[in-house]
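Peer 1: give the three-dimensional model of this entry:
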Amino acid sequence: MYAYTSKGPFLLEQSEWDKISEYGVEVLLKGRVTAPSERTEIIGDIEFYRNKNSWTARMKGAAPTLFWTLLQGLFFIGLSLVIGRLVRGAW
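Peer 2: Prediction:
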């Protein structure tokens, strides 16, 4: 979400700016850059957040934890099989 304004910064009080930053709103001031530059910035932000919130991005973040959990599970399965064979006395 963007706050797209030319007068907003002068009309808002500090508490309102705090709310804007708390919600993660991007502030894009009118007339500061050209229209194509604004468009480029907005498209870039859309791609950034789309990639950040994508399924593959979340999996990349969770992959090390998932890998170690699976590795521990396999280790304990193997260990229980070996102990079971030793207790029964047959290989």
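Peer 1: how many neighbours does Arg32 have?
Peer 2: Neighbour count for Arg32, taken as other C-beta atoms under 10 Å: 9. Bear in mind the C-beta positions are built from the backbone N, C-alpha and C, glycine included.
Peer 1: let's see the pLDDT reported for it.
Peer 2: Each residue has a pLDDT score; the one for Arg32 is 78.
Peer 1: now it: how far from Ile42?
Peer 2: Remark: distance between Arg32 and Ile42 (C-beta to C-beta, to the nearest Å) = 14 Å.
Peer 1: go on, Phe67?
Peer 2: Going from Phe67 to Ile42 by C-beta to C-beta gives 37 Å.
Peer 1: comparing these two, which residue is more hemmed in?
Peer 2: Ile42 (14 against 10).
Peer 1: host element of the more buried one?
Peer 2: helix 35-52 (DSSP states H and E).
Peer 1: in that helix, what counts as buried?
Peer 2: By 16 or more other C-beta atoms under 10 Å, the buried positions in helix 35-52 come out as Glu38.
Peer 1: helices or strands up against that helix?
Peer 2: For helix 35-52, the elements it packs on are strand 26-29, judged by 3 or more C-beta pairs under 8 Å, 6 or more residues apart in numbering; DSSP states H and E.
Peer 1: the strand it packs on pairs with which strands?
Peer 2: Its sheet considered, strand 26-29 pairs with strand 2-5 (parallel) by DSSP bridges.
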